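Colleague: need a structure here:
(2 chains)
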Amino acid sequence: MTQTKIPVDLLLASLAEDAEKAQVRVQKASDVLLERLETDIGVTPYDVVYEEDRVKLKHYKPVSEPRLNHPLLVVYALINRETMLDLQPDRSVVQTFLNNGLDVYMIDWGYPTRKDKFLTIDDHVNGYMDNITEFIRERTNSEKINLMGICMGGTFSVIYAALHPEKIKNLITTVTPTNFDTDQGLLHIWMKHVDADKLVESLGNMPGDIMNLGFLLLNPARLMIDKYVGFLENMDNKAFVENFVRMEKWIFDSPDVPGETFRQFVKDFYQKNLLIRNELEIGGKRVDLQKITMPVLNFYGKFDHLVPPAACEMLTRKVGSKDTRDICLETGHIGIYVSGKCQREFAPRIVQWLKERDFDEDMRSRVA
Amino acid sequence: MTGDGNEANNPLMFLQAWLKMSSEMWGASLKVVSDAGEASVGEDHAKKGSGGKMMDSWMSGLKALHALSAAMSEPGAVEGLLKGANTLPEIVVKMVQPAMEGFLHLQKEWMEKAGRIGKSTAAYNFDNLDQEAFRAWSEIYEKEFRRFLNIPQLGLTRFYQERIGEAADKFNVFQAAMAEFVSLLYLPVEKSSKVVQDQLAEMAEKGKLPEKSKDYYRIWIKTLEGHYMTLFKSPEYAEDLRRTLDALSDYAAARQKTLEDALRLLPIPTQKDMDEFYKEIYILKKRIREIEKKIRNAGTQRE
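Modeller: From the prediction side, this is the model:
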């Protein structure tokens, strides 16, 4: 009979040590949690310069003289909120843009209510987005604007750029799904089985809480257990707690998605994959990706489980532009915007890429 | 039968005697009431108003009772009555037996299926899950109970009753689907515990057990994550997710219908009313914007 070598003494010593540390941590944590914490998100100053229904346009106050000729419009997804790009002062994509002299506008889609359930993708793209683009062009006296889309907002931006190429100077897509025929991401697998008609008929809008639950279920071990174990281990660290609470505030701030838009996104995109095949129709017009002739910069995350690389990387091969670039960062869906490492790799590279392509059309023709 | 002392104990004889007495009593009463009625008619014919009608009604009732008692006191009728009383327990047994058999069958099936709940499956494998084990309640509900909620309703309120029945039915289906879905989400936890136990036993044998408690947690969370990924990619999970969402949609729709029935009684608009109103506003706004754009474009072209 073999004698098992279980280090019982070491284990017990380790447990005793852990218990002692935990006791000290809890005492410190109570001080941290009871004192005033800085957990506000989206604190970079801005003005609301345009409003239409529930939709607002934020214009961030410049911190230096504009160094680019064309303003930048950022289009966030209808899922969660645009505050993710300005989560905390030292990790803010918006702040990096401003520090580099970009003139930044960002759409705040607001919180859809029951009255918004009939709004389609056409209403968002050819309605709100186009009205906002017109407003910025007029306000800044620019023929074209730079357009940057995030996730579903990126998909909207691709559609907009294909339908209104004359208004877009450069297109930046970040973690943007355009090819939905992949089994790499769980969402792509699950959405094929969802009866969107039934959900919209019974629920009206798609509740943000149900979608959030779905996102948590993408990795419950990490997102529902390990994350909070990590919090318990660091709850005596004020900076950690503040950042953690900021992220929690952002994650669970989930507006509902207008019913008709949800129905169309599930059926035409996830289930029929019409966009990448140039078969999608929006507002009675076919979305032809070949009409995207402006420069395209396409960012995505190697470990993104929501929008996997296979859903993003096909775009640059399908557009009409010859100036395209794919950048795959070693991070996930959210890490691309908030991780410390990506703060150096993401926003500064966008600024550089835009600067290289900021020449004026008139100037170019004069030089030629 | 003889005329000995046993006669008093014979129920037939006893019943016949009682019915005879009853018939004679109702006959005598009828005669008394009839005589009194005739006398009163002679005294004051004009007074025969409501009192007279009451008398007629009494007379008619007493005649009926007399006739019934007389008929029942006939020997043949008494025998028939007694025979009927003797067969009553038999009728009750015949009525109860099928219901009891059904219940026992149900209980047997239920126990068989419930006994399979929690049956362990292989690690990192979610193929061909024994879903039947988790669907025990659903099947029994659909087979045995659902029918009661779908019994055709009658009368003025039939549509309201039907909608309440439908809401109750959809709620039960949703509850069952949700329970099944939650049980499916628990499976990786069960499997991970088993895998981690085996892994630790193996490490113990080799004398390579981790010394820090955190390392045990890391092994478990990594195993759990792996199991969840395997589960979420399985067709069984996708199918279960679809079924749960469908059940949620069906229940939400059925609940909405019953709520709308209730709201109609109150001076507030229903969801349906509001949706119709919102749609009209949506279409009107869209038309106005199109017209605005056309006017703007026309103005630009003129300039």
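Colleague: Report the helix or strand with the lowest average pLDDT across chain B.
Modeller: The weakest-scoring helix or strand in chain B, judged by mean pLDDT, DSSP states H and E, is helix B:131-134 (a mean of 59).
Colleague: Just after it, pick out the following helix or strand.
Modeller: Later in the chain than helix B:131-134, the nearest helix or strand by DSSP states H and E is helix B:136-140.
Colleague: on contacts alone, who are the packing partners of that next one?
Modeller: When contacts are defined as 3 or more C-beta pairs under 8 Å, 6 or more residues apart in numbering or on different chains; DSSP states H and E, helix B:136-140 packs onto helix B:75-114, helix B:158-206. Where you see a C-beta, it was placed from the backbone N, CA and C, and this is true even at glycine.
Colleague: Which of those helices has the lowest mean pLDDT?
Modeller: In terms of mean pLDDT, the lowest-scoring of the helices and strands packed on helix B:136-140 is helix B:75-114 (a mean of 66).
Colleague: So the one helix or strand residue B:286 maps to, near chain A or not?
Modeller: Residue B:286 belongs to helix B:271-302 when assigned by DSSP H and E. Yes - Helix B:271-302 is in contact with chain A by C-beta under 8 Å from any C-beta of the partner chain, via B:271, B:274, B:275, B:278, B:279, B:281, B:282, B:286, B:289.
Colleague: With neighbour count, distance to residue A:298 and pLDDT as extra columns, can I get these in a markdown table?
Modeller: Conversion of those to a markdown table gives the following (neighbours: other C-beta atoms under 10 Å in any protein chain shown; distance: C-beta to C-beta, whole Å; pLDDT from 0 to 100):
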| residue | neighbour count | distance to residue A:298 | pLDDT |
| --- | --- | --- | --- |
| B:271 | 14 | 42 | 87 |
| B:274 | 14 | 42 | 92 |
| B:275 | 16 | 39 | 93 |
| B:278 | 17 | 37 | 95 |
| B:279 | 13 | 38 | 96 |
| B:281 | 11 | 39 | 96 |
| B:282 | 18 | 34 | 96 |
| B:286 | 16 | 33 | 93 |
| B:289 | 14 | 32 | 90 |
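Colleague: Could you list the contact residues of the stretch 51-200 of chain B toward chain A?
Modeller: Residues of the stretch 51-200 of chain B found near chain A (C-beta under 8 Å from any C-beta) are B:185, B:188.
Colleague: closest point of the stretch 51-200 of chain B to chain A, which residue?
Modeller: Residue of the stretch 51-200 of chain B nearest chain A, by C-beta to the nearest C-beta: residue B:185 (7.4 Å).
Colleague: and that residue, how many neighbours does it have?
Modeller: Per other C-beta atoms under 10 Å in any protein chain shown, the neighbour tally for residue B:185 reads 16.
Colleague: quick one: contacts for it?
Modeller: Listed by C-beta atoms under 8 Å, 6 or more residues apart in numbering or on different chains, the contact set of residue B:185 reads A:217, A:220.
Colleague: Compute the distance between it and residue B:302, please.
Modeller: According to C-beta to C-beta, to the nearest Å, residue B:185 and residue B:302 sit 65 Å apart.
Colleague: And the residue in chain B that chain A sits nearest to, what's its pLDDT?
Modeller: Residue of chain B nearest chain A, by C-beta to the nearest C-beta: residue B:207 (3.1 Å). For residue B:207, the pLDDT comes out at 80.
Colleague: For it, grab the count of nearby residues.
Modeller: Residues lying near residue B:207 (other C-beta under 10 Å) number 12.
Colleague: for residue B:161, same thing?
Modeller: Residue B:161 is flanked by 14 other residues according to other C-beta under 10 Å.
Colleague: Same question for residue B:266.
Modeller: Neighbours of residue B:266 using other C-beta under 10 Å come to 8.
Colleague: if I pick it, what's in contact with it?
Modeller: So residue B:266 contacts nothing (C-beta under 8 Å, 6+ apart).
Colleague: Low-confidence stretches in chain A?
Modeller: For chain A, applying pLDDT under 70 flags the ranges A:1-7, A:360-368.
Colleague: any chance you could map the strands in it?
Modeller: A:46-52, A:55-60, A:72-75, A:86-88, A:91-92, A:104-108, A:145-150, A:168-174, A:281-282, A:285-286, A:296-301, A:324-329 (DSSP state E).
Colleague: Same list, these, but as a markdown table with distance to residue A:243 please.
Modeller: As requested, the strands of chain A are exported to a markdown table (distance: least, C-beta to C-beta, whole Å):
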| stretch | distance to residue A:243 |
| --- | --- |
| strand A:46-52 | 22 |
| strand A:55-60 | 22 |
| strand A:72-75 | 22 |
| strand A:86-88 | 6 |
| strand A:91-92 | 8 |
| strand A:104-108 | 22 |
| strand A:145-150 | 20 |
| strand A:168-174 | 21 |
| strand A:281-282 | 39 |
| strand A:285-286 | 44 |
| strand A:296-301 | 20 |
| strand A:324-329 | 20 |
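Colleague: Give me the distance between residue A:102 and chain B.
Modeller: Using C-beta to the nearest C-beta, to the nearest Å, one obtains 29 Å as the distance from residue A:102 to chain B.
Colleague: Identify the residue spatially nearest to that residue, adjacent ones excluded.
Modeller: With sequence-adjacent residues excluded and distances taken as C-beta to C-beta, 6 or more residues apart in numbering or on different chains, residue A:102 is closest to residue A:72, at 5.2 Å.
Colleague: okay, now the one you found: neighbour count?
Modeller: Counted by other C-beta under 10 Å, the residues lying close to residue A:72 total 23.
Colleague: Chain B versus that one, what's the distance?
Modeller: 25 Å.
Colleague: Which strand residues bridge that residue?
Modeller: residue A:104, residue A:146 (DSSP bridges).
Colleague: And it, how far from residue A:294?
Modeller: 14 Å.
Colleague: Torsion angles phi and psi at the residue nearest to residue A:54 when sequence neighbours are not counted?
Modeller: In space, and not counting its chain neighbours, residue A:54 is closest to residue A:110: 3.5 Å by C-beta to C-beta, 6+ apart. Backbone torsions of residue A:110, given as degrees, to the nearest 10, read phi 70, psi -160.
Colleague: Ends of stretch A:143-156, what's the gap?
Modeller: One end of stretch A:143-156 to the other measures 20 Å (C-alpha to C-alpha, to the nearest Å).
Colleague: Wait, residue A:28 touches residue A:236, no?
Modeller: Yes - assessed by C-beta atoms under 8 Å, residue A:28 is found in contact with residue A:236 at 3.6 Å.
Colleague: Same drill for these two, tell me which one is more crowded.
Modeller: More neighbours surround residue A:236 than the other of residue A:28 and residue A:236, with 19 against 14 (other C-beta under 10 Å).
Colleague: Now the more buried one: phi and psi?
Modeller: According to degrees, to the nearest 10, residue A:236 has phi -90, psi 0.
Colleague: any idea how far it lies from residue A:230?
Modeller: Distance from residue A:236 to residue A:230, by C-beta to C-beta: 13 Å.
Colleague: so who does the residue positioned nearest the centre of chain A touch?
Modeller: The centroid of chain A falls nearest to residue A:150 when counting by C-alpha atoms, centre = their mean (4.0 Å). Residues near residue A:150 by C-beta under 8 Å, 6+ apart: A:74, A:75, A:76, A:77, A:82, A:84, A:85, A:174, A:175, A:176, A:337.
Colleague: What separation is there between it and chain B?
Modeller: Counting by C-beta to the nearest C-beta - residue A:150 and chain B are separated by 25 Å.
Colleague: give me the beta-bridge partners of that residue?
Modeller: Bridge pairing for residue A:150 - DSSP bridges - gives residue A:174.
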